[in-house]
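Sequence first, predicted coordinates after that:
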Amino acid sequence: MATLIGNSVAGKKRAMWEALHIRDGDGAALAGWRVWPGTSPSDPRTLLGVIAGAVPRTVLWLPGLSRYLLDGGSDVGNEVAGALRDLLEDDERAPVLVLGTLRPRQWQRLTAPSRGSADPHPHPRLLLQETDIAVADTFTVAEVADAAMSADPRMAEAAVMCDGGEVIRYLVAAPEVRQRFRNATQQEKAILQCAIEARCVGHGQWLPRALLERAAPQYLTAHERSCLAATWFEDALAELTSPGLGEMRMMLDWDVTDGATARRDRLRLNDFLERQWITEVQQVRLPAEHLWSALVDRAAVDSVVALAEECRRRGLLRQSVEFYRRAIRDGDVSAKRALADMLRDAGHVDDALRLYRELADGPDLTAQVVAGRILLAAGRAAEVVRWVQPAASAYRPDALWLRALALSELGERDRAIVTYQYLAETGDLSAAAVAGELLAEAGRRDDAVTWLMTLTGRFGLDTVRMAAELIVEDEDEDKGGIDVAVARLHDRADHGEYGSYLVGAEILAAHERTEDACSWVDSAIEFAVPGAASMAARLYAQAGLFDTATTHARAAADAGDPTALSTVADALAQRRMTSAALDLYQQGAEHGDTEAWCRAVDVAARAGWVSEAIACLRRARRTGQSPSPVSVAAKLCAAGQIAEALDWYVNTVDLSSPDVLIGISDYLLKANVVKQVAARYARKTRQSDAQALAWVAEGLERAGRQDLDEAANRQAKTGVAVGVHAHRKTMEAVSWLTVAARDGHEPARVRAAELLLQIKRYEQVVTLLREIPQTRRTDAHVYLASALPQPKVKNDDPIGSVNEAITMVERQLDAGETRAVAPVAQALISRGRPEEAIVLLHRGIELGDATSHCCMGDYRSRTHAHAEALAHYLIARLHGHDKAEDKIEGLLTATKDFETLEDIQRFGITVNGTIAEPWSLDRLASDTHADG
């Protein structure tokens with residue numbers, strides 16, 4: 001007997017069925033056995049009759065053993081269990097096989113030891129003893145990956161869509177959820193639609209019942225509303241929260257992640273509907289207009305700011321203000337600051353300043369600083385001084401900086417200098433530099449030098465260098481120049497200002513008079529000037545006199561500056577004296593330099609010393625200052641230790657994301673070690689070689705995308721084109737994805753096609769995807785339809801049949817799929833067939849596809865229908881399309897309609913996708929009061 005134990009959708013029955021059909025070398029292992037009955041007996045009495053007539057080589061198929069052992073009561077259960085035990089112990093009827101299933105709690109009830117005189121289940125306990133086989137509720141990572149490769153589209157979909165490996169639960173429950181959603185009553189659909197739209201605009205998962213009860217009726221017709229019973233809402237919720245197959249409910253009214261604490265004041269969509277309509281939806285759903293006011297009034301407190309931010313992202317500035325004001329009323333202390341920031345960015349400066357002033361009157365000193373920056377940018381320096389005074393009085397560095405800047409603009413240099421000096425004396429090196437420069441500009445260069453020298457105890461040699469620069473840069477021929485500077489410093493040293501020796505040494509070293517510099521620093525050491533040993537270590541190391549440098553560095557370390565040892569070590573490393581450098585880094589670490597091991601890691605890695613770099617990395621981690629493994633691996637690879645470095649790296653880091661390959665991607669290509677890395681990944685994660693290749697390919701693609709993004713950003717900042725071999729890594733990723741697909745990982749083929757489509761390698765897309773059967777429901781046919789009408793590389797002829805592409809897109813539109821609409825429409829327009837393109841775009845627009853709006857806007861813009869183009873871009877912005885804002889700005893800039901552009905940026909758009917009327921905080925407040 002075998003009893004499979006698992007939850008309702010663990011796949012116990014399927015596992016029993018598969019066990020019956022196990023094959024050995026000669027065929028089915030149970031060939032000649034009879035499964036009796038063909039379906040499991042419906043009640044205990046029928047089963048007892050089956051047991052009585054059982055013959056050798058019989059399989060009793062008993063899914064749901066609780067029907068026979070629990071549901072009829074303990075007497076019946078004991079009778080059935082006793083009969084099964086007699087059968088199993090009857091040699092004349094052997095062999096027989098009994099297969100059954102139970103849920104964990106049922107197993108526990110039947111097998112729990114007796115506590116007291118009455119034992120309700122003695123025979124079931126003896127029957128089930130040592131027969132249990134646990135069936136996991138979830139698939140492992142490897143099993144999910146295998147399921148995703150299944151030829152059965154239902155299994156592949158379940159593997160991709162399920163959460164936490166619950167593939168079987170998804171297979172069982174998803175069809176029923178779809179059916180229940182499709183066949184729900186109008187009242188139930190109204191609640192579901194309300195929940196879906198609220199989620200789409202940024203509300204959290206848990207929705208207040210009050211929100212649903214208020215807003216859901218507006219999704220019904222007037223006639224439907226007039227027919228509602230008094231209990232319609234409770235009745236509809238009762239159905240939506242009732243369990244179906246796999247215990248799945250359409251909506252949940254408790255939070256199972258919160259210790260199953262009752263949360264009947266809130267509800268949420270089940271995970272399946274959440275994915276289908278929210279997290280993995282292709283088109284952002286636009287909510288019904290009435291929902292906005294309901295959300296402002298009834299949204300959950302913890303969702304109000306998120307709603308405000310989402311409205312701001314979509315250009316719904318007025319709605320964003322309403323949500324921020326609601327959050328402020330609810331006591332969210334950060335909401336007023338966020339609203340002020342939004343108003344500032346939108347150009348409502350006076351409204352923003354008013355809010356900052358309110359914040360500044362309270363405990364939020366940061367608001368004073370932000371407002372001060374706004375005022376300073378507006379040229380209102382006098383107001384800045386008054387505004388930031390409370391924060392400056394609290395000695396906030398950012399407020400003191402603003403105060404000093406404003407004072408400088410007002411011509412009050414002396415007061416500004418005092419502020420900068422205070423900042424410097426509390427640890428701000430930048431403030432020290434500014435104070436020194438201002439003193440020099442005021443004709444007080446000597447005072448600046450003297451003051452900077454007093455800061456060596458806080459900043460070490462940094463302020464010494466500043467002082468030296470001020471002396472050398474003196475434009476007065478009698479006071480400036482290196483020789484004059486050295487002479488003046490020598491005179492000061494002769495009069496007891498021995499720190500001048502350090503300044504002189506710094507000046508001489510900067511002008512490559514190393515021998516003289518060393519002589520001056522020796523004098524500083526002779527007079528025990530603080531910091532002299534550290535400077536001596538640096539100067540002698542620069543001169544290549546490492547024994548002397550090391551002696552001074554050890555003295556500096558003994559005096560409390562262990563970084564001097566690392567400074568000498570750095571110089572040794574530059575001369576490729578790696579072993580000596582590592583020894584000094586160790587000494588620095590032992591003296592308390594927390595960054596010494598990090599520098600040691602860097603030096604060992606750059607030298608290609610793999611074992612030493614790894615050992616230093618382990619020690620650096622103990623200090624909490626360790627460099628990232630990817631930087632270590634990259635440096636080892638650059639030193640030529642590619643295979644060993646990558647093997648260590650892949651074995652060390654968390655491989656949950658292919659992003660870990662971005663930093664080492666150049667070396668993956670350079671040494672052709674993709675297969676080696678994939679093999680290590682496959683062993684570590686227990687995935688197939690094909691899956692491992694696909695994982696590496698994904699990392700290469702992400703690395704290539706990052707390279708292009710960085711190049712574009714550098715070009716945007718500098719105006720200079722940066723040479724990047726476009727799409728090199730993407731094409732390498734495609735190559736390995738193709739290999740993975742050939743080796744059996746079918747999703748890799750579709751992913752390769754997606755990447756090729758992104759870089760406009762259309763002919764290769766078609767070649768790849770023609771091999772996939774048309775009956776399979778995958779993304780492949782979206783990509784294929786997108787590629788077919790595109791031009792060939794050699795000429796302008798379409799790669800495939802344009803009419804076939806149109807047919808495919810129409811079929812996809814019938815199923816609600818819109819991703820291929822825009823690329824096919826663009827191809828049709830380029831081929832002089834705009835009428836057909838417009839038909840497709842209108843269908844995409846009807847389904848809420850924001851990209852279709854953008855594509856239509858592009859077409860209308862090219863045909864100089866600018867008003868229509870703007871209307872489409874505004875709707876796309878309302879949908880949250882990531883390119884719509886740039887398209888709006890580009891269109892209005894090209895047409896020089898800067899007034900409209902300013903209105904959109906200042907006032908936003910309406911929930912209908914039109915430009916909002918002018919508003920201010922006061923006007924919105926009065927409108928709200930009037931509505932109330």
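In hand now; what should we look at?

and residue 622, how far is that from residue 615?
Using Cβ to Cβ, to the nearest Å, residue 622 is found at 12 Å from residue 615. For glycine as for every other residue, the C-beta is placed from the backbone atoms N, C-alpha and C.

do residue 556 as well
From residue 556 over to residue 615 the distance is 26 Å, taken as Cβ to Cβ.

do the same with residue 733
Residue 733 is 34 Å from residue 615, by Cβ to Cβ.

Tell me which of these two has more neighbours.
A count of neighbours by other Cβ atoms under 10 Å puts residue 733 above the other of residue 733 and residue 615, at 29 against 16.

Show me which positions of the strand or helix carrying the more buried one end up buried.
If you go by DSSP states H and E, residue 733 is part of helix 728-742. For helix 728-742, the neighbour count (16 or more other Cβ atoms under 10 Å) marks 729, 730, 731, 732, 733, 734, 736, 737, 738, 739, 740, 741 as buried.

Throw those residues into a markdown table and include distance to residue 640 and pLDDT, thanks.
Shown next, in a markdown table, are the buried residues of helix 728-742 (distance: Cβ to Cβ, whole Å; pLDDT from 0 to 100):
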| residue | distance to residue 640 | pLDDT |
| --- | --- | --- |
| 729 | 21 | 93 |
| 730 | 27 | 93 |
| 731 | 26 | 94 |
| 732 | 21 | 94 |
| 733 | 25 | 95 |
| 734 | 28 | 95 |
| 736 | 24 | 95 |
| 737 | 29 | 94 |
| 738 | 30 | 94 |
| 739 | 27 | 94 |
| 740 | 29 | 92 |
| 741 | 33 | 89 |
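
Now distance to residue 593 too, for those residues, in TSV please.
Shown next, in TSV, are the buried residues of helix 728-742 (distance: Cβ to Cβ, whole Å):
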residue	distance to residue 593
729	39
730	43
731	46
732	42
733	42
734	48
736	44
737	47
738	51
739	48
740	47
741	52
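
What strands flank the strand ranked longest in the chain, and is each parallel or antiparallel?
The longest strand of the chain (DSSP state E) is strand 96-102. Paired with strand 96-102 in the same sheet, following DSSP bridges, are strand 2-5 (parallel), strand 58-62 (parallel).

And the next helix or strand past that strand?
As assigned by DSSP H and E, the chain's next helix or strand after strand 96-102 is helix 104-111.

average model confidence for that next one?
What helix 104-111 shows for mean pLDDT is 91.

try stretch 458-478
For stretch 458-478, mean pLDDT rounds to 74.

From the chain's centroid, how far away is that stretch?
In terms of Cα atoms, centre = their mean, to the nearest Å, the centre of stretch 458-478 is found 47 Å from the chain centre.

Not counting it itself, show me its contacts.
Stretch 458-478 is contacted from outside by 425, 427, 429, 432-433, 436, 440, 445, 448-449, 452-453, 455-456, 480-482, 484-485, 488-489, 499, 502-504, 506-507, 510, 531, 534-535, 561, using Cβ atoms under 8 Å, 6 or more residues apart in numbering.

Now do the buried residues in that stretch.
In stretch 458-478, counting by 16+ other Cβ under 10 Å, buried: 459-461, 463-472, 474.

List just the nearest of these to residue 375.
Of all those, residue 375 sits closest to residue 466, with 30.7 Å by Cβ to Cβ.

Following element in sequence after the helix or strand containing the closest one, please.
Residue 466 is part of helix 462-472, with elements assigned from DSSP H and E. Heading C-terminal from helix 462-472, the first helix or strand you meet, by DSSP H and E, is helix 482-494.

Next, the angle helix 728-742 makes with the lengthiest helix in the chain.
Looking across the chain with DSSP state H, the single longest helix is helix 689-718. Taking axes from the mean of the first three to the mean of the last three Cα atoms, to 10 degrees, one finds helix 689-718 and helix 728-742 inclined to each other by 160 degrees.

mean confidence for helix 689-718?
Across helix 689-718, the average pLDDT comes to 89.

just how off-centre is it within its chain?
From the chain centre to the centre of helix 689-718 is a distance of 16 Å (Cα atoms, centre = their mean).

Any buried residues in it, and which?
Buried residues in helix 689-718, counted by 16+ other Cβ under 10 Å: 689-705, 707-708.

which secondary structure elements does it contact?
Counting contacts by 3 or more Cβ pairs under 8 Å, 6 or more residues apart in numbering; DSSP states H and E, helix 689-718 packs against helix 665-670, helix 674-685, helix 728-742, helix 747-758.

Now distance to residue 919 too, for these, in TSV please.
Formatted as TSV, the helices and strands packed on helix 689-718 follow (distance: least, Cβ to Cβ, whole Å):
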stretch	distance to residue 919
helix 665-670	49
helix 674-685	55
helix 728-742	46
helix 747-758	41
